[in-house]
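Student: Take a look and give me a structure for this.
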Amino acid sequence: MPAYRILSSDSHVVEPPNLWEERIDSEFKDRAPRVVREENTDQWYADVDTKFGMMGIAGQAGVRFEDPTKITLDGRFEDLPLGGYNPEAHVKDMELDSVYGGVMYPTQAFLGYSIPPSDLLSAIFRAYNDWLADFCAPYPDRLKGIAALNVDDVQDGVSELKRAEKMGLVGALIPVRPLEHPYDHPTFYEPLWEEAERLQMPLSLHVGTFRSKSGEQGQVETQVTNVVDFNNRDSYMRDSVAALILGGVFDRYPDLKVVVAEYEISWAPYFIRRLDDTYTERPVGLQGYRYKKDVLPSHYWMNNIMLSFQSDDLGIQLRHLVGVDNLMWGSDYPHAESTFPKSLEILEQILEGVPADEQAKIAGGNCARVYRFN
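Tutor: Numbering: from 1, shown residues only. Have a look, this model is predicted:
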């Protein structure tokens, strides 16, 4: 066993089919997410006929180690691992995987960002956050929940952030691509940044959380376009991270933390250099926001951005360009891309030759600091 405690900064629950039927506000019952049993799969629908979510790859952890050709979007809920929706089973699977604790993200709920009606989305997230708090409650030192926020209406998002913190959740998800205003808007998101900093609730940009119409690219008709979209899915995230840094959000809120989840590491070194070059070497007309302090954008990267990754050995080689204190490993359990049940083996491989103190930070120490694990 390693000389450090392993924490997963990116694990997932899998929402049971009756979650919203039982928990959503009564006025939204007839539009609530529901599972329809179709010929080849169980399919989620909301708002009468809006298709979203996926059942197959949501619970196919380990399949890629056996036969990747068997990974599929199709599936039945009863075939998903019990640990996706039962906290006792989740903890048992963590122990099987040599993992002590995990940070819980949604599965179907964050794909709900593609549901157009904003009032319905807020109701969906309120019900999900209630369920997640109950899921984590039996193991408060081992299961830490990330709330989902609708930021179409920032005041609504702020109210839900406050409620989530009171329920014991430790951070909040915002869309990697917001609906209307980018995150460098000078006023629109200010109440959210202020409250997240005050509550010490990190905000997460997780893969797959498209709020704008760009999210529809994940549901296009041609297989080639699907592959291209999947391969280039970091483009929206980079837009949002650049907006936060170059827009001065961390200059105004220096204690705000933003977690970039499930995008790995290797893209970041040149991105950081490009931020500094853009800030210092662009023509006056492209300079935009100017920091109050005499610092470069890379300062705010190192101070405010965390990266959650799974198995990026190249990124580990480049870790000092990104910040050792900025890296958090995550298993992605129980999704098809997960390192489960070989997380320890994979961690030991990618951290081979890394000094012990850095291994401890990357494998769990940084996650413990950000999400307040004991």
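Student: Longest helix of this structure, counting residues only.
Tutor: For the chain, the helix with the greatest residue count under DSSP state H is helix 118-136.
Student: got the buried residues for it?
Tutor: 120-133, 135-136 (16 or more other C-beta atoms under 10 Å). Glycine gets a C-beta too; all of them are placed from N, C-alpha and C.
Student: and Glu190, what is it in contact with?
Tutor: Arg252 (C-beta atoms under 8 Å, 6 or more residues apart in numbering).
Student: what does the one 3 residues further on give?
Tutor: The contact partners of Trp193, by C-beta under 8 Å, 6+ apart, come to 249, 252-253, 256.
Student: Sitting in helices, which of those do you find?
Tutor: Those of the contacts of Trp193 lying in helices (DSSP H): 249, 252.
Student: out of the contacts of Trp193, what pair is the most spread apart?
Tutor: Spatially, the most separated pair among the contacts of Trp193 is Arg252 and Leu256, at 8.7 Å (C-beta to C-beta).
Student: neighbour count winner among those two?
Tutor: Leu256 (23 against 16; other C-beta atoms under 10 Å).
Student: The more buried one reaches Asn304, doesn't it?
Tutor: Yes. Leu256 lies in contact with Asn304 (C-beta atoms under 8 Å); the separation is 6.2 Å.
Student: what residues are shared contacts of the two?
Tutor: Residues within reach of Leu256 and of Asn304 at once, by C-beta under 8 Å, 6+ apart, are Phe250.
Student: gap between the two ends of stretch 105-119?
Tutor: Here the two ends of stretch 105-119 are set 22 Å apart, with distance taken as C-alpha to C-alpha, to the nearest Å.
Student: for it, which positions count as buried?
Tutor: For stretch 105-119, by 16+ other C-beta under 10 Å, it's 105-115.
Student: can you put these in CSV and add secondary structure, distance to Val158 and pLDDT?
Tutor: Below are the buried residues of stretch 105-119 laid out as CSV (DSSP: H, G, I helix; E, B strand; the rest coil; distance: C-beta to C-beta, whole Å; pLDDT from 0 to 100):
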residue, secondary structure, distance to Val158, pLDDT
Tyr105, strand, 21, 98
Pro106, coil, 20, 97
Thr107, coil, 25, 95
Gln108, helix, 24, 93
Ala109, helix, 19, 94
Phe110, helix, 19, 89
Leu111, helix, 23, 87
Gly112, helix, 19, 89
Tyr113, helix, 18, 92
Ser114, helix, 23, 89
Ile115, coil, 21, 92
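Student: now the residues you listed as TSV including distance to Ala3?
Tutor: Output for the buried residues of stretch 105-119, formatted as TSV (distance: C-beta to C-beta, whole Å):
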residue	distance to Ala3
Tyr105	28
Pro106	33
Thr107	33
Gln108	38
Ala109	36
Phe110	34
Leu111	38
Gly112	41
Tyr113	40
Ser114	43
Ile115	45
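Student: Among these, which one sits closest to Tyr371?
Tutor: Closest approach to Tyr371 among those (C-beta to C-beta): Tyr105, at 11.9 Å.
Student: OK, contacts around the closest one?
Tutor: 10-13, 146, 173, 204, 206, 261 are the contacts of Tyr105 under C-beta under 8 Å, 6+ apart.
Student: Nearest to Glu22 among those?
Tutor: Checking those one by one against Glu22 (C-beta to C-beta), the nearest turns out to be Val13, at 15.5 Å.
Student: which residue ranges form the helices in the stretch 251-374 of the chain?
Tutor: 268-281, 297-304, 313-317, 319-322, 343-350, 356-360, 366-371 (DSSP state H, counting those that start in this stretch).
Student: Show me what the third one is in contact with.
Tutor: Same thing as helix 313-317. With C-beta under 8 Å, 6+ apart as the test, helix 313-317 has contacts from 264-266, 268, 307, 309, 322, 327, 349-351, 354, 362.
Student: Not counting residues beside it along the chain, what's closest to Gly315?
Tutor: Ile265 (2.5 Å; C-beta to C-beta, 6 or more residues apart in numbering).
Student: same thing with Gln155?
Tutor: Per C-beta to C-beta, 6+ apart, closest to Gln155 is Pro191, 6.6 Å.
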